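>>> show me the folded form of this:
(one chain, ligands or ions: 2)
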Amino acid sequence: MVTSNYLRLRYWFLLTGPEFLCCKNYLLQEFSRICRLRAYVTNYRLRKKHMTAELVNVMEFQELAKKVLPKMYYDYFSGGAEDEHTLRENVEAFRRITFQPRILVDVSNVNLSSTILGYNISAPIIIAPTGMLKLAHPEGEVATARAAALCNTIMVMSFSSTCTIEEVASSCNAIRFFQLYVYRRRDVSYQLVQRAERYGFKAIVLTADTPRLGRRERDIKNKMVPPPLKILEGLLSVELDPEKGGSKLENFAAKTMDPSLNWKDVEWLKSITNLPILIKGVLTAEDARKAVEVGVAGIIVSNHGARQLDYVPASISVLEEVVEAVNGEVPVLLDGGIRRGTDVFKALALGAQAVLIGRPMVYGLAAKGEYGVRRVTEMLRDELELTMALTGCSSLEDITMSHVRTERDRLRSLL
Ligand SMILES: Cc1cc2nc3c(=O)[nH]c(=O)nc-3n(C[C@H](O)[C@H](O)[C@H](O)COP(=O)(O)O)c2cc1C
Ligand SMILES: CC(C)CC(=O)C(=O)O
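Ligands and ions are numbered 1, 2, ... in the order given. Okay, the predicted model is just below:
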């Protein structure tokens with residue numbers, strides 16, 4: 001139905017000729033708005049039917065999200081770059097790590113509380129920046145922030161948000177970090193950093209792995225149309241190329257992202273904000289050292305949920321070497337492939353101070369709105385607590401590398 005409408009629109013453009021091409025961007029936006037509205041209404045009954053169903057893990061939330069979302073949006077959220085090798089690896093690499101539990105430890109009280117940059121959180125699980133959340137649910141980023149507040153954790157708000165900084169800031173008292181993309185129009189990035197600071201965001205997360213958007217073939221096939229990014233209202237309006245096929249999101253990113261962004265720009269960022277800066281997208285010991293040297297307050301080991309360069313390693317596979325390189329100078333966080341509390345434990349054992357969840361949060365949001373994000377976060381927290389009890393750890397400090405066995409360990413034992 002959606003495809004046939006789109007084909008009809010394209011046919012109309014063919015008939016009406018180039019003088020109407022200038023209307024095409026407007027019509028695409030309208031079309032995307034109507035599709036979202038239609039999808040939400042059509043799926044209302046489906047959502048309601050599943051509202052009472054007990055979902056017991058992240059994978060079940062994913063299944064429901066798949067049912068309620070239009071294919072174009074589910075593919076956008078769940079998909080990865082090219083062959084999606086790294087997408088699978090992000091999850092599989094966790095499965096190859098096994099536990100070495102200790103027995104007869106008193107675990108009658110298990111304490112998960114943690115701090116990030118001095119902010120207390122109920123568990124070392126925070127919300128990753130994910131763009132365009134109104135495609136998952138009409139309350140988008142606001143619902144996510146509220147859930148983060150209820151779970152007493154941190155929300156990292158995406159630069160590519162469908163709500164404004166002010167809307168998110170005024171919706172609840174969640175601890176919020178602001179994720180930054182540096183645009184060709186530096187003034188836009190500058191303005192948003194200033195606003196984030198003014199509205200009480202506590203840190204800037206500079207995403208450094210996106211000089212260009214990865215090749216996401218599902219989006220290309222679906223001719224993915226991004227919704228209006230309300231966060232940019234009054235700052236920037238982007239004219240997409242009407243003649244370009246494929247993913248309009250890719251077209252949007254090519255026009256906005258600054259591919260010249262480099263290490264020297266961290267100095268620029270430091271000059272425009274007093275907030276601590278975390279750098280997201282580190283995958284090598286070498287870059288981790290550079291990040292420490294330029295004075296970041298924290299490092300996020302991440303391959304962007306396998307949406308950028310395919311065939312990079314799973315983020316959990318490089319965590320140990322990054323942690324070694326950083327040598328305790330700044331906190332190291334990790335995201336990518338976390339689907340279970342056991343995964344969180346494994347990341348902590350290998351030296352992460354906390355993890356971020358991207359898709360699990362999106363699936364919760366798509367399936368059950370604010371409640372869904374809260375449930376997913378709580379489920380992961382409960383699973384982590386149980387894992388700690390069963391491995392003999394009553395606090396986060398008790399979790400060590402000796403509680404897990406990695407591929408590296410197996411190789412070492414062969415030598
Ligand atoms: C739909 C989607 C949108 C994303 N948008 C952003 C973004 O705007 N900025 C960013 O730094 N990372 C973005 N990411 C990457 C996430 O922050 C995070 O690195 C990744 O989702 C972690 O992997 P996971 O989804 O397996 O948890 C996005 C990821 C997804 C799945
Ligand atoms: C709008 C996009 C650039 C957001 C993003 O980072 C992503 O989809 O991975």
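>>> nearest to ligand 1: which residue in this protein?
G358 (2.1 Å; C-beta to the nearest ligand atom). Every C-beta, even on glycine, is put in place using the N, C-alpha and C of the backbone.
>>> what about that residue, how many neighbours?
22 (other C-beta atoms under 10 Å).
>>> what does P129 give?
Using other C-beta under 10 Å: P129 sits among 25 other residues.
>>> now the one 4 residues further on
By other C-beta under 10 Å, 29 other residues sit near L133.
>>> swap in Q100?
14.
>>> would you confirm that it contacts S402?
Yes: counting by C-beta atoms under 8 Å, Q100 does reach S402; the two are 6.4 Å apart.
>>> the one helix or strand E324 maps to close to ligand 1?
Using DSSP states H and E, E324 sits within helix 315-326. No: under the criterion of C-beta under 6 Å from any ligand atom, ligand 1 is not reached by helix 315-326; the shortest gap measures 7.8 Å.
>>> for that helix, buried residues please.
Buried positions in helix 315-326, judged by neighbour count with 16 or more other C-beta atoms under 10 Å: 315-323, 325-326.
>>> next structured bit after that helix?
strand 332-335.
>>> could you list every helix and strand that the helix holding E324 packs against?
Judged by 3 or more C-beta pairs under 8 Å, 6 or more residues apart in numbering; DSSP states H and E, the packing partners of helix 315-326 are helix 85-95, helix 285-293, strand 298-301, strand 332-335, helix 341-349.
>>> and it, how far from the chain's centre?
Here the centre of helix 315-326 is set off from its chain's centre by 20 Å, with C-alpha atoms, centre = their mean, to the nearest Å.
>>> contacts for it?
Helix 315-326 is contacted by residues 89-90, 93-94, 97, 282-286, 288-289, 292, 299, 301-303, 332, 334-337, 343, 346-347, 350-352, 401, 406-408 when judged by C-beta atoms under 8 Å, 6 or more residues apart in numbering.
>>> which SS class is the residue lying closest to S247 once chain neighbours are set aside?
Excluding the flanking residues, the one nearest S247 by C-beta to C-beta, 6 or more residues apart in numbering is D219, at 3.9 Å. Of the three states, D219 takes helix under DSSP: H, G, I helix; E, B strand; the rest coil.
>>> touching, D219 and S78? I think so.
No: applying C-beta under 8 Å, one finds D219 not in contact with S78, separated by 11.2 Å.
>>> ok, those two, which is more surrounded?
Comparing D219 with S78 by other C-beta under 10 Å, the one with more neighbours is D219, at 23 against 18.
>>> quickly note the distance from the more buried one to E84.
Remark: distance between D219 and E84 (C-beta to C-beta, to the nearest Å) = 12 Å.
>>> near ligand 1, which residues of this structure show up?
So far as C-beta under 6 Å from any ligand atom goes, the chain lies against ligand 1 at 77, 90, 128-131, 158-160, 179, 207, 280, 302, 304-305, 307, 335-338, 357-359, 362.
>>> residue in the stretch 201-350 of the chain nearest to ligand 2?
For the stretch 201-350 of the chain, C-beta to the nearest ligand atom, closest residue to ligand 2: R307, 4.4 Å.
>>> by proximity to ligand 2, which residue of the stretch 151-300 of the chain wins?
Of all residues in the stretch 151-300 of the chain, the one sitting closest to ligand 2 is S160 (3.6 Å; C-beta to the nearest ligand atom).
>>> so that residue makes contact with P227?
No: using C-beta under 8 Å, S160 makes no contact with P227, being 10.0 Å away.
>>> overlap in contacts, the two.
Shared contacts of S160 and P227, defined by C-beta under 8 Å, 6+ apart, comprise M132.
>>> run through who's touching stretch 246-258.
Contacts of stretch 246-258 (C-beta under 8 Å, 6+ apart): 28, 76, 181-186, 210-213, 215-216, 219-220, 222-226, 236, 238-241, 244.
>>> how many residues are close by D209?
Neighbours around D209, by other C-beta under 10 Å: 19.
>>> residues contacting it?
Contacts of D209 (C-beta under 8 Å, 6+ apart): 280-281, 283, 302-304, 308-309.
>>> R102 too?
With contact set as C-beta under 8 Å, 6+ apart, R102 has these partners: 391-393, 403.
>>> next one: it from A349, what distance?
Separation of R102 from A349 (C-beta to C-beta): 12 Å.
>>> hang on, the earlier thing: make a markdown table from the contacts of R102 and add pLDDT, distance to ligand 2 and neighbour count to it.
Output for the contacts of R102, formatted as a markdown table (pLDDT from 0 to 100; distance: C-beta to the nearest ligand atom, whole Å; neighbours: other C-beta atoms under 10 Å):
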| residue | pLDDT | distance to ligand 2 | neighbour count |
| --- | --- | --- | --- |
| T391 | 98 | 33 | 22 |
| G392 | 98 | 38 | 17 |
| C393 | 98 | 34 | 24 |
| H403 | 98 | 32 | 21 |
